[in-house]
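Asker: Sequence and predicted structure, then a few things I'm wondering about:
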Amino acid sequence: MTLQIVGVVSAVGIVGAFAAIQFDLVGPHDLSYLVANVLSAGGLTTVAVLDAQYGFIISNGFWTLVAAVGIVRVARSRTGAPTTPGAD
């Protein structure tokens, strides 16, 4: 039952983040959008791993990684650090 709750909450979170982008409530580089994606895709990845759903592991795992990279880039831009590899 707990696994179902995590899956449903994560699915609502990821769709909610997508809807927020579509309705111009947030931008693609907003920290709230990126965090919602990391947490939601991470939750869905966890459910997929525990249920051995390999396609979902791949898609949500990559989704989590891409959003995490976005968070790092936003954090670096706020500190003045280069946001792309090799940019000095």
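Answerer: Looks like it came in fine.
Asker: Could you find the closest non-adjacent residue to N37?
Answerer: Distance criterion C-beta to C-beta, 6 or more residues apart in numbering; nearest residue to N37, sequence neighbours excluded, is A67 at 3.7 Å. (Glycine included, C-beta is placed from N, CA and C.)
Asker: how many other residues sit next to the one you found?
Answerer: Number of residues near A67 (other C-beta atoms under 10 Å) recorded here: 22.
Asker: any idea what it is structurally, helix, strand or coil?
Answerer: At A67 the chain is in helix, as set by DSSP: H, G, I helix; E, B strand; the rest coil.
Asker: Just confirm I57 contacts T45, I think it does.
Answerer: Yes. Assessed by C-beta atoms under 8 Å, I57 is found in contact with T45 at 6.2 Å.
Asker: This protein: helices as residue ranges?
Answerer: 2-22, 31-50, 54-79 (DSSP state H).
Asker: Pull out the buried positions in the first one.
Answerer: Neighbour-count burial for helix 2-22 flags G7, S10, G13, I14, A17, A20 (criterion: 16 or more other C-beta atoms under 10 Å).
Asker: close enough to count as contact, the last one and P28?
Answerer: No. Here A20 lies out of contact with P28, judged by C-beta under 8 Å, at a distance of 10.3 Å.
Asker: Flag the shaky bits of the protein, pLDDT-wise.
Answerer: Counting by pLDDT under 70, the chain contains low-confidence ranges at 81-88.
Asker: if we can go back for a sec, of I57 and T45, which one has the most company?
Answerer: The neighbour count for I57 versus T45, taken as other C-beta under 10 Å, is higher for T45 (22 against 17).
Asker: Perfect, that will be all.
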